[in-house]
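**Q** I'll drop the sequence and a predicted model, then ask my questions.
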Amino acid sequence: MELKEALLNRRSIRKFTEEPVSDEDIIELLHAGMSGPSACNRTPWEFYVVTNPQTLENLRKAARYSKITAPLSIVVCGNLSKALPLQLSPFWIQDCSAATENILLRATDLGLGAVWCGVHPMKTAEKKVREALYLPEKTVPLNIIHIGHPAENPEPRDQFSEKKVHYIK
């Protein structure tokens with residue numbers, strides 16, 4: 001699939017079949033995530049790959065918009081011990097967001113569906129995800145990506161709007 005096609009075809013998929021995601025595809029998704037840019041190459045990301053039914057159920061209950069039934073969830077977290085120091089620390093959010101978008105695009109490229117469900121900065125959701133995954137204190141869950149074989153097929157779309165572009169020449 002060409003990049004432009006993946007960009008336009010990538011849609012939030014919230015309905016999945018029960019077919020599991022192959023181990024090979026999971027590795028492809030993780031490679032894509034770790035290929036993202038990272039401020040000063042600190043790579044503060046940590047990926048929790050969840051296929052255990054009970055843990056998936058706990059994750060569904062954790063965040064407000066994560067009540068999605070999928071055979072796989074990848075929880076993208078920031079490891080604050082690897083983040084930049086002091087006032088630059090929040091760049092972990094950008095690093096992990098870039099990794100997340102790469103995973104979403106690769107999922108589309110593989111014929112999988114995915115949806116990004118935010119966790120950080122919702123403290124209650126962070127706490128529930130932290131408990132569900134037994135996360136270390138310095139690891140902050142940024143989001144949950146629910147992934148699987150799509151049971152829906154939304155039309156591709158281009159959301160380009162000239163009104164949101166400001167040229168400074």
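**A** Sure thing, it's come through.

**Q** buried sites along stretch 107-122?
**A** Neighbour-count burial for stretch 107-122, counted by 16 or more other CB atoms under 10 Å, picks out 107-110, 112-120, 122. The way it works is simple: take the backbone N, C-alpha and C, and place the C-beta from them, glycine included.

**Q** possible to save these as a markdown table with secondary structure and distance to Q159?
**A** Formatted as a markdown table, the buried residues of stretch 107-122 follow (DSSP: H, G, I helix; E, B strand; the rest coil; distance: CB to CB, whole Å):
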| residue | secondary structure | distance to Q159 |
| --- | --- | --- |
| A107 | helix | 19 |
| T108 | helix | 15 |
| D109 | helix | 19 |
| L110 | coil | 23 |
| L112 | coil | 21 |
| G113 | strand | 18 |
| A114 | strand | 18 |
| V115 | strand | 17 |
| W116 | strand | 15 |
| C117 | strand | 20 |
| G118 | strand | 19 |
| V119 | coil | 24 |
| H120 | coil | 24 |
| M122 | coil | 25 |
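
**Q** Using JSON lines, please lay out these together with distance to L59.
**A** Below are the buried residues of stretch 107-122 laid out as JSON lines (distance: CB to CB, whole Å):
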{"residue": "A107", "distance to L59": "17"}
{"residue": "T108", "distance to L59": "22"}
{"residue": "D109", "distance to L59": "24"}
{"residue": "L110", "distance to L59": "21"}
{"residue": "L112", "distance to L59": "18"}
{"residue": "G113", "distance to L59": "17"}
{"residue": "A114", "distance to L59": "14"}
{"residue": "V115", "distance to L59": "13"}
{"residue": "W116", "distance to L59": "13"}
{"residue": "C117", "distance to L59": "9"}
{"residue": "G118", "distance to L59": "13"}
{"residue": "V119", "distance to L59": "9"}
{"residue": "H120", "distance to L59": "14"}
{"residue": "M122", "distance to L59": "14"}
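
**Q** Out of these, which is nearest to R157?
**A** When the buried residues of stretch 107-122 are compared for distance to R157 (CB to CB), T108 wins out at 12.9 Å.

**Q** quick one, what contacts the nearest residue to the closest one once chain neighbours are set aside?
**A** In space, and not counting its chain neighbours, T108 is closest to R10: 4.4 Å by CB to CB, 6 or more residues apart in numbering. Contact partners of R10, counting by CB atoms under 8 Å, 6 or more residues apart in numbering, are 104-105, 107-108.
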